[in-house]
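**Student:** The following block contains a protein sequence and its predicted model.
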Amino acid sequence: MQERKLAVVDLSRGKVTTRTIPKSWRKGFLGGRGINSYLLYNLIEKGTDPFSPRNALVLGVGLLGGTLAPSSCRFNASALSPETGLLGDSNCGGFFGPELRYAGFDHLILRGRAKRPSYVNIQDGEIEIRDGREYWGMDTYDVQKALRKDLGDVESLVCGVAGENKVRFACLRNGVKNAAGRCGLGAVMGSKNVKAVVASGTDGIKVEHPQEMLELVQDIKNYLMDSKITPILGSMGTPLLYEVSNAIGAIRTKNSQLNAWSDSLNAEELEKYVEKMISCSSCFMHCRHRNTFNGEGPEYTAVGLLGANLGLEDYPDVIKLNNTCNELGLDISSSGSILSWAFELYERGIIDKKLTGQELRFGDSELADELLHKIAGREGFGDVLAESSRAVKKFGPESKDYLIAVKGLPQSDPHDVRYIKAFALGIATASRGADHLRSRPTLEIFFRLPLEVKEKIYGKGITADPTSYEGKERAVCFSDNIFATIDSVGICKFICHGFNSPHFLGYEHFSKLLHAVTGMRYREKELENIGKRIIDTERMFNFKHGMTAKDDTLPKRYFDDPMTMKVSKGHKIDRKSFQKMKKRYYKLRNWDEKGRVKKQRVKEIESYGGLQ
Amino acid sequence: MKYLFYYPDKCTGCKQCAMACSLNKFGECNPKKSAISIVRDEFERYEYAIVCMQCEDAPCIEVCHQGAYYLEDNIIKRNDDQCIHCRLCAAVCPHSAITTIGKEIVKCDLCDGDPECVKYCSTEALVYQEETKEQSERRRQLAKKILSTS
């Protein structure tokens, strides 16, 4: 296998060191999210403030990244999250990840804090910390355009104005729409006085068995293109998920006061505003909308959280808010959740004009847009909202009862999880907080699926009924593992088993692709075990930073308020059944009853060695 | 006679054509070391493939004073043994379709009549087919479009 490099950029001292990534790490963690999480566990000391120079921002491209492997465009950005104080980790598509590899590096660690606004330039194996003052203050579009004008054909990962101002849910961005969106990693970059990491390179990824890879990928392409759902995914993208959830009455609406919303946000309505469908690097699916409002998107999360959750029902409003978040560098999931939380608190009289400075209401896109700008600039009431779930301190203890977040992270999935119990367990236990891209067992949404199909995938003990608590730990556990592996090989979940159709790519395909590219043999079971190891490592990181089993929980509303509309009517989460399901999940993961990774396992994971 | 046809409106900018080309020719995945190049800018909102059009009066053949370029079965090919790497061919190519990178000069030779790039295009933005067939299909599409909109 070609030797690949990792670089440590010490921004405080202006020093760069590089080293080869050990083969043992590849066997234990693959790359991308896996190695990132392992590095974070080793690098961040207990008690570190996420905004202090002692935090590290780690970028890592998947082991198949930038190759012919389908949708192998993904990388992860990771740090101690300023939004949660726990694991901050976000997976991102586009073209930056591959370019970082062509520039010579698979992983990059930014430590310390630059003395003045800077950017990190990576070109053909050379890394330089450069003066970035002229780019400071620019939005995410302008800075990328300026960097291309000044430096040529480069790919940049940038923070927007929101990141500079340390908004706790500021994201990192590449291109018009690609975001390492969750957990406030843009704010970590901003806190390090870094505006951008810029990559350009002419070195390719050496492939051990070129002919094998050409044949394999052609087979996979033909196989994917023959699927009935591929043309639907390629024309509608993720927004098609809106209708699937809304049909059963499981779309978070007006901060989950309601659970169903307008059909006007169904994916076919979006087609009117799409100029062209485009792709990330190496992607056959092309699920991204180039919209007619000079941006890209929206994705399903934007449709739900900037649409239904804000009480908006017209696509032009949603698309404009989507574009605003992207320009400012704000995470769409947290933005939509935090705004809707504030709107409900205002309606209930828990907060008033003395704090907000203006009337707040659902269904007003101009107000939402104005507030997004205020958040990014930390102006007035925006400064309070910029604190994300920590705004409870200003809003008062009662406000917490209406916050749709877990571990301090507002829920990303527009899906209201009170109906499908496996989804509830998934967001309660996900390693970065309430998020669907860590363990959403998508198949649970199809409630007519025969039991034997579910048993084949998740194992005996799963129940067919999505509203049952029995055996759901199996579905979440399976999804945890495969999602972690997917994020570490660097392929997009949209073409993978687990998140998408069970007929899409799974361990068997990853094993073959990894052999073609690296020459290394990873058995299917071994790949699943890597997923498990990554989940355990992330658990170890979280417990090191103060998390306990009590944090594996759900928003109060999901326990106490029954849903009121459609098929989901009357459903909520029963506390006792949830606790039992959680205990079973811990057992299945081989954690102790307090949800901790057992000592023997900690020892095994720590034996992979640190950076020195 | 078969030609490579490219339809920019169908191209999604994924670069799989270039990945396959570099993998086939050099054993590595490197969209910059490919005979087909995707030029794209998401802010300017375009993606476009640049590849040799196999010109009938080919400036590369004419300008090469070493005789490195030659015509074989209607495909313009390049003999690296005769090349002195002056890169004049790349400079005069009206399509900017000759790639120079490091010590390599890369020009499309249609993989001897079985181009790899087209096999990895998922939208048929890139096709390799008989010109008469392509032409009749293109005209049929145009006719349908005009008749349905008029």
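**Tutor:** Sure thing, it's come through.
**Student:** Going by C-alpha atoms from here, please, whenever you check contacts or count neighbours.
**Tutor:** Will do.
**Student:** how long is stretch A:377-392 from one end to the other?
**Tutor:** Stretch A:377-392 has an end-to-end distance of 20 Å (C-alpha to C-alpha, to the nearest Å).
**Student:** Could you list the domains of chain B?
**Tutor:** B:2-51+B:108-149, B:55-95 (automatic domain parsing).
**Student:** Buried deepest among the ones you listed, which one?
**Tutor:** domain B:2-51+B:108-149 (a mean of 19; mean count of other C-alpha atoms under 10 Å in any protein chain shown).
**Student:** So A:Trp591 sits against A:Lys598, correct?
**Tutor:** Yes: A:Trp591 lies in contact with A:Lys598 (C-alpha atoms under 8 Å); the separation is 5.9 Å.
**Student:** who's more crowded, those two?
**Tutor:** A:Trp591 (18 against 13; other C-alpha atoms under 10 Å in any protein chain shown).
**Student:** ok, for that one, nearest residue in space, not its chain neighbours?
**Tutor:** A:Val597 (4.8 Å; C-alpha to C-alpha, 6 or more residues apart in numbering or on different chains).
**Student:** What residues of stretch A:270-282 count as buried?
**Tutor:** With burial defined by 16 or more other C-alpha atoms under 10 Å in any protein chain shown, the residues of stretch A:270-282 counted as buried are A:Leu270, A:Glu271, A:Tyr273, A:Val274, A:Lys276, A:Met277, A:Ile278, A:Ser279, A:Cys280, A:Ser281, A:Ser282.
**Student:** Is chain B within reach of that stretch?
**Tutor:** Yes: between stretch A:270-282 and chain B, judged by C-alpha under 8 Å from any C-alpha of the partner chain, the touching residues are A:Met277, A:Ile278, A:Ser279, A:Cys280, A:Ser281, A:Ser282.
**Student:** measure that stretch end to end?
**Tutor:** As for stretch A:270-282, its first-to-last residue distance stands at 25 Å under the measure C-alpha to C-alpha.
**Student:** I'd like the average pLDDT over stretch A:516-526.
**Tutor:** Regarding stretch A:516-526, the rounded mean pLDDT is 98.
**Student:** and it, anywhere near chain B?
**Tutor:** No: contact check for stretch A:516-526 against chain B, using C-alpha under 8 Å from any C-alpha: none in range, with a minimum separation of 9.2 Å.
**Student:** So which residue is dead centre in chain A?
**Tutor:** A centroid search over chain A (C-alpha atoms, centre = their mean) returns A:Ser90, at 4.2 Å, as the residue closest to the centre.
**Student:** Chain B now?
**Tutor:** Nearest to the geometric centre of chain B sits B:Val51, at 2.4 Å (C-alpha atoms, centre = their mean).
**Student:** still on that earlier bit, is the residue nearest to the centre of chain A in a helix, a strand, or coil?
**Tutor:** When states are read from DSSP: H, G, I helix; E, B strand; the rest coil, the local structure at A:Ser90 comes out as strand.
**Student:** can you check B:Leu71 too?
**Tutor:** Reducing the assignment at B:Leu71 to three states with three-state DSSP gives strand.
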